[in-house]
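Undergrad: Need the 3D shape of this:
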Amino acid sequence: MAAMTEFVDREEILSHLVNSIETKRRNVNYALVGPRQIGKTSILREVVRILGDKAIVVHLDFSIHRYSPEDFSRSLMQSLTGVYARRAGGIKKLVSRVLNIFQGLKDLRRLRFSLSIELDSQGRPQLSLKPEIAEKRIKEKELIELAFAYATKVAEEAGTRVVVIIDEFQHLAEFASYPGLKGILDIFRHALDERGNVSYIVSGSRIHFITNILSDGKSPLFGRFTIIQVGELEEKYALELYMKARPKPSSKEARAAYSLVGGHPFYLLAMAENRRENERPEETYKRLLSDPTGALNLYARYIIAEDLGTHAKSRQSRFLKILHALKKGPLSVSEISKQTTIALTSLPWYLQQLISYDLVIKSEDGYYVRERVLRDYLIGIQNDI
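TA: Coordinates of the predicted model:
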């Protein structure tokens, strides 16, 4: 999205976040939850920009970097050190402070590795972590715990608020699949409870998954985040966004685009930026969905691949059969079974997975595909699943 068009109708959310973080007597954690490409990252980037001179703010984005636990820990500490360096008043002073912070954490936690700081070609500090016994690896659990504790100590040492932003937070929760990190949410809960002058802001596009993690009374993170829902733009703002992205569009054209894709910023911008001369919005929509290189076609395929890519091919095939069966409207479990030939006893698990991925919704009438764009994509492709 272009910078001039992406930030529409989000000022209230941004103001709330910034004002809360700037208020010294408050220390609240926030979670931005909403569909993909709805504008969460745009809000977070504005938070970084506005608070950049007033706090130590770092932004780790799983949608750009698919961090391993080690990568995440190193990146968090590296980012904190880099921002801290700009406020420390000299590299030598910074190195001394950081090494003191680390030594204090090492003594407290009995860590079995050491830290050194070097400068890259541009004079920026680079952290290096090494196990004390060369043939041994640093345990991932220790690294994660160290990274969160480091944020707390940097805030204490700097005497200022630290803000840690984790984009697409569900991928951090998925660290539970690594040996030694089955309790990753418990580790994060402990970090939140011991965070000192640190605020955490997380975001997630897996609405169902993230909401359960943060709202379920049995979850380790229950009650530790204020959830902010980021939804589609209201009609007047949706029309404003579309018209900003198009040279001299008519209000009729903007309303037609809105009627097709609603107030989803990404879809609106795709329609506006890809419309051809003398092409009706309905024709643009159809072309972008049917053309293999069309923005909406590519995005629909990305959604499916992203959510189903971790499953074995046989399961992916069953998921796709279910989605294809649901493309034209709600179906009951028995109706889905008839159309897909998947056993009734197996379907509940597959449907629950699709619900957790926010691809499918259950209503009184049955199950159906959540987004119109994805439904229309499924209707348009050949029935060769």
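
Undergrad: Which pLDDT value does the model give residue 229?
TA: Residue 229 carries a pLDDT value of 93.

Undergrad: what about the nearest residue to it once chain neighbours are set aside, neighbour count?
TA: Nearest-residue entry for residue 229: residue 33, 5.8 Å, with adjacent residues in sequence omitted and distances by C-beta to C-beta, 6 or more residues apart in numbering. For every residue, glycine as well, the C-beta is placed using N, CA and C. The number of residues packed near residue 33 is 26, by other C-beta atoms under 10 Å.

Undergrad: Tell me what residue 33 is bridged to.
TA: Per DSSP bridges, residues listed as beta-bridge partners of residue 33: residue 204, residue 229.

Undergrad: I'd say it and residue 209 touch.
TA: No - applying C-beta atoms under 8 Å as the test, residue 33 and residue 209 come out as separate, 9.7 Å apart.

Undergrad: what bits of the stretch 151-300 of the chain have low per-residue confidence?
TA: Filtered on pLDDT under 70, the stretch 151-300 of the chain yields no residues whatsoever.

Undergrad: so where do the helices sit in it?
TA: Here the stretch 151-300 of the chain has its helices, by DSSP state H, counting those that start in this stretch, at 170-173, 184-193, 207-215, 235-245, 251-261, 265-274, 281-290, 295-308.

Undergrad: ok, residues contacting stretch 295-302?
TA: Contacts with stretch 295-302, where a contact means C-beta atoms under 8 Å, 6 or more residues apart in numbering, come from 37, 266-267, 270, 274, 285, 288-292, 373-374, 377-378.

Undergrad: Just the buried ones from those residues?
TA: 37, 266, 267, 270, 274, 285, 288, 289, 373, 374, 377, 378 (16 or more other C-beta atoms under 10 Å).

Undergrad: which residue packs closest to the first one, ignoring adjacent ones?
TA: Excluding the flanking residues, the one nearest residue 37 by C-beta to C-beta, 6+ apart is residue 266, at 3.5 Å.

Undergrad: Identify the residues contacting that neighbour.
TA: Residues near residue 266 by C-beta under 8 Å, 6+ apart: 1, 36, 37, 38, 299.

Undergrad: Also residue 189?
TA: Each residue near residue 189 by C-beta under 8 Å, 6+ apart is listed here: 220, 221, 224.

Undergrad: How much space separates it from residue 200?
TA: In this structure, residue 189 and residue 200 are 11 Å apart, going by C-beta to C-beta, to the nearest Å.

Undergrad: got it, and residue 25?
TA: As defined by C-beta to C-beta, residue 25 lies at a distance of 18 Å from residue 200.

Undergrad: Could you do residue 154 as well?
TA: Note on residue 154: its distance to residue 200, by C-beta to C-beta, is 14 Å.

Undergrad: count of residues packed around residue 269?
TA: 22.

Undergrad: ok, back up a step: which one among the buried ones among the contacts of stretch 295-302 gets closest to residue 352?
TA: residue 374 (18.2 Å; C-beta to C-beta).

Undergrad: That closest one and residue 143, how far apart?
TA: Going from residue 374 to residue 143 by C-beta to C-beta gives 38 Å.
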